[in-house]
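Novice: here is my input, please return the structure:
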Amino acid sequence: MQLQDKVNESVNMILVLMVLFGGLILGGCGSQQAAPPPAIPEVAIVTVNSERVVLTTELPGRTSAYFVAEIRPQVNGIVQERLFNEGSDVKAGSVLYRIDPAPYQAAYDNAVAALARSEANLPPIRLKAERYKELIAVKAISQQDFDNADAALKQAEADIEYSKAAVESARINLSYTRITAPISGRIGKSNVTIGALATAYQGSPFATIQQLDPIYVDATQSSANLLQLKRNIAAGRIKGTGPDQARVKLLLEDGTPYPQEGTLKFSDVTVDPSTGSFILRMVFPNPNYILLPGMYVSAVVQEGVVDHAILVPQQGVSRDPKGNPVALIVDGSGKAEQRMITIARAMGDKWLVSEGLSPGDHLIVEGSQKIRPGTSVKAIPFNGSRKDGGT
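Specialist: Residues are numbered from 1 along each chain as shown. Just a heads-up that it's a prediction; the model follows:
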C-alpha cells in the first residue's frame with residue numbers, strides 16, 4: 001500500500017508541474033499578442049520649388065597672346081647693339097637692335113649721287129629736244145634727228161626715275177639696320193648677342209614680342225553639348241538670348257576665380273574629327289599680367305537661362321538597379337511614393353531636374369533607407385545642418 005501511495009504522489013506532482021508549465025507558455029503567448037504596433041518611420045522632406053537659374057558650362061582652356069611678333073633682320077650684317085632689357089615692355093617703333101649701317105649708308109650715298117647726276121644731265125637734253133621740235137616744224141632738220149633728240153629726253157627722264165627708285169631702295173635698306181618693334185608688348189629673351197651675324201629673313205628670330213593685355217583664352221566644347229543646347233533653346237526650356245550671354249568668367253589653375261570678366265569673340269566653324277569638339281575663343285583684360293601665354297584655365301561660359309528650373313538636393317535622388325534616377329516623395333495621404341525623374345545636370349550640390357517633379361512636391365532627403373514605396377511616414381522639415389543621418 002505504501003508503494004502505491006508513493007506512485008500516486010509522483011503522478012500528481014508531474015501533473016501539477018505540467019499544468020504550471022502550460023500556464024507559463026500560455027502566459028508568454030498572451031504577452032506577445034498584446035505587444036503595441038510599430039512606430040511610423042520619420043523622414044525629412046524639402047518642398048520642391050521652381051526658380052530662375054543661369055546655366056553655365058565650365059570648359060578647359062589655354063591662354064595665348066593677343067598679338068605675337070617674331071623679330072627677324074631684313075638685311076645682312078653684324079649686330080652692333082641690343083637696345084632693350086630682356087623680359088621688359090617695349091613700345092611699337094622702339095629700336096631693339098642695330099646692325100652695322102656703314103655699307104648701307106655708302107649704298108644710299110651712291111644712289112643719291114647717281115640721282116643728282118641724272119638730274120644734271122636732263123636740262124641740256126630737254127633744251128635740245130625743244131629746239132629740234134621748232135626746227136622740225138619748218139623742216140630745217142630731218143625727222144630722224146628729231147626722233148633721236150626726243151628719245152634722248154625720254155631716256156634722261158627715265159634715268160631720273162630709276163635713280164629715285166634706287167635712292168628709295170637704299171634708304172629702306174639703311175633703315176632696316178635699325179630693327180624696331182612692330183607691336184607693343186613684352187619681349188622675351190634675346191637669341192643673339194652683339195657681334196652676331198644677321199642674315200636677312202633668317203629662320204630663327206632674334207626675339208619674340210607678345211601682347212598680353214588683352215589676352216586670348218581658347219577653350220574646347222563638345223559638339224554634342226552644342227546640339228543639346230540648341231535643342232533646349234528651340235524647345236523653350238532655355239532662353240538663349242540676352243546681353244549677358246557673351247560674358248565669360250575664368251578660373252585659374254589653382255581654382256581661384258580671375259577678377260576680370262571676358263567676352264566671347266567667336267566659335268570655330270570646324271569640328272575636330274579626332275576629338276568631336278570645336279574651339280571657343282574669348283578675350284580677357286590682363287592689366288596686371290596675371291595670365292601668361294600657355295597657362296591652363298577653365299572658362300565658365302553662360303549658355304542660357306531657365307526661368308522655372310527645379311533644383312533638388314543630390315542626397316534626395318538615388319538610382320534603381322538599372323541606373324535610372326528615382327526620388328521618393330510624400331503624397332497627400334502621408335505615404336511614400338516613388339517617382340522616376342530626369343536629371344539635366346549637376347549644379348553644385350544639387351541636381352537640375354527636367355522631368356518627374358513639380359513645384360509643391362515633398363521630396364524625402366533623409367530617412368529613405370528605412371521605408372519602401374507605399375509606407376506611411378511622418379514628415380518633418382529637413383534641416384540641412386543636421387549630421388545625424390542621410391539617405
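Novice: got the domain boundaries for this protein?
Specialist: By the assignment in automatic domain parsing, the chain contains the domains 43-54+309-381, 55-65+214-304, 75-100+177-204, 102-174.
Novice: in CSV, list these along with mean pLDDT and mean neighbour count.
Specialist: Backbone N, C-alpha and C define where each C-beta goes, glycine included. Shown next, in CSV, are those (pLDDT from 0 to 100; neighbours: other Cβ atoms under 10 Å):
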stretch, mean pLDDT, mean neighbour count
domain 43-54+309-381, 88, 16
domain 55-65+214-304, 79, 15
domain 75-100+177-204, 94, 15
domain 102-174, 92, 15
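Novice: what helices and strands are in contact with the longest helix along the chain?
Specialist: As assigned by DSSP state H, the longest helix anywhere in the chain is helix 102-137. Identification of packing neighbours for helix 102-137 by 3 or more Cβ pairs under 8 Å, 6 or more residues apart in numbering; DSSP states H and E yields helix 143-175.
Novice: which other helices and strands does the helix it packs on contact?
Specialist: helix 102-137.
Novice: just the angle for the helix it packs on relative to helix 143-175, thanks.
Specialist: 160 degrees (axes from the mean of the first three to the mean of the last three Cα atoms, to 10 degrees).
Novice: host element of the residue nearest to Pro285 when sequence neighbours are not counted?
Specialist: Closest residue to Pro285 apart from its sequence neighbours, by Cβ to Cβ, 6 or more residues apart in numbering: Gln260 at 4.8 Å. Under the criterion of DSSP states H and E, Gln260 resides outside all helices and strands.
Novice: hang on, isn't Gln260 packed against Val283?
Specialist: No - using Cβ atoms under 8 Å, Gln260 is not in contact with Val283; the gap is 10.4 Å.
Novice: need the pLDDT of Arg72.
Specialist: You'll see Arg72 listed with a pLDDT of 95.
Novice: count of residues packed around it?
Specialist: Neighbours of Arg72 under the rule other Cβ atoms under 10 Å: 16.
Novice: residue contacts, the closest residue to it other than its chain neighbours?
Specialist: Leaving aside its sequence neighbours, Arg72 sits nearest to Pro205 (Cβ to Cβ, 6+ apart; 5.3 Å). The neighbourhood of Pro205, defined by Cβ atoms under 8 Å, 6 or more residues apart in numbering, consists of 70-72, 191.
Novice: how does it look with 6 Å?
Specialist: Each residue near Pro205 by Cβ atoms under 6 Å, 6 or more residues apart in numbering is listed here: 70-72.
Novice: out of those, who's nearest Leu135?
Specialist: Leu135 lies nearest to Arg72 out of those, by Cβ to Cβ, at 58.9 Å.
Novice: got the phi and psi for the closest one?
Specialist: Arg72 adopts backbone torsions of phi -130, psi 150, taken as degrees, to the nearest 10.
Novice: ends of stretch 90-98, how far apart?
Specialist: Counting by Cα to Cα, to the nearest Å, you get 16 Å between the two ends of stretch 90-98.
Novice: and the nearest residue to Asn383 once chain neighbours are set aside, what does it touch?
Specialist: Nearest residue to Asn383, sequence neighbours excluded (Cβ to Cβ, 6+ apart): Ala44, at 7.2 Å. Applying Cβ under 6 Å, 6+ apart to Ala44 gives the contacts 365-366, 380, 382.
Novice: try Leu357
Specialist: Contacts of Leu357 were listed using Cβ under 6 Å, 6+ apart, and they are 48, 310, 341.
Novice: now for the first one: which residues touch it?
Specialist: Going by Cβ under 6 Å, 6+ apart, Val48 touches 310, 357, 359, 361, 363.
Novice: pick out whichever of the contacts of Pro205 sits closest to Asn85.
Specialist: Ile71 (14.6 Å).
Novice: contacts only, for the closest one.
Specialist: If you count contacts by Cβ under 6 Å, 6+ apart, Ile71 has them with 205-207.
Novice: pick the one among those residues closest to Asp272.
Specialist: Among those, Pro205 lies closest to Asp272 (Cβ to Cβ), at 29.0 Å.
Novice: host element of that closest one?
Specialist: Using DSSP H and E, Pro205 sits in no helix or strand.
Novice: tell me what the residue nearest to Gly77 when sequence neighbours are not counted is bridged to.
Specialist: Nearest residue to Gly77, sequence neighbours excluded (Cβ to Cβ, 6+ apart): Ile99, at 3.9 Å. With DSSP bridges as the criterion, Ile99 is bridged to Val79.
Novice: bridging residues for Ile71?
Specialist: On the basis of DSSP bridges, Ile71 takes part in beta bridges with Ala207.
Novice: Ile364 too?
Specialist: Beta-bridge partners, per DSSP bridges, of Ile364: Ile45.
Novice: contacting residues for it?
Specialist: Applying Cβ under 6 Å, 6+ apart, we find Ile364 in contact with 43, 45, 328.
Novice: same deal with Asp213?
Specialist: Residues in contact with Asp213, defined by Cβ under 6 Å, 6+ apart, are 286-287.
Novice: quick one on the thing from earlier: now distance to Gly334 too, for the contacts of Ile71, in TSV please.
Specialist: Output for the contacts of Ile71, formatted as TSV (distance: Cβ to Cβ, whole Å):
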residue	distance to Gly334
Pro205	78
Phe206	81
Ala207	77
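Novice: closest to Asp109 among those?
Specialist: Among the contacts of Ile71, Phe206 lies closest to Asp109 (Cβ to Cβ), at 27.4 Å.
Novice: in this structure that closest one contacts Lys189, no?
Specialist: No - using Cβ atoms under 6 Å, Phe206 makes no contact with Lys189, being 10.2 Å away.
Novice: chain center to stretch 148-161: distance?
Specialist: In this view, stretch 148-161 has its centroid 65 Å away from the chain centroid, taken as Cα atoms, centre = their mean, to the nearest Å.
Novice: for that stretch, list the C-alpha coordinates in CSV.
Specialist: What follows is stretch 148-161 as a C-alpha-only set of coordinates in CSV (Å, rounded to 0.1, in the frame of the first residue of the first chain):
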residue,chain,number,x,y,z
ASN,A,148,66.8,110.9,-131.7
ALA,A,149,66.6,114.1,-129.6
ASP,A,150,63.1,113.1,-128.3
ALA,A,151,64.2,109.6,-127.4
ALA,A,152,67.3,111.0,-125.5
LEU,A,153,64.9,113.3,-123.5
LYS,A,154,62.7,110.4,-122.5
GLN,A,155,65.7,108.2,-121.6
ALA,A,156,67.1,111.0,-119.4
GLU,A,157,63.7,111.3,-117.6
ALA,A,158,63.6,107.5,-117.1
ASP,A,159,67.1,107.6,-115.7
ILE,A,160,66.0,110.1,-113.1
GLU,A,161,63.0,107.9,-112.1
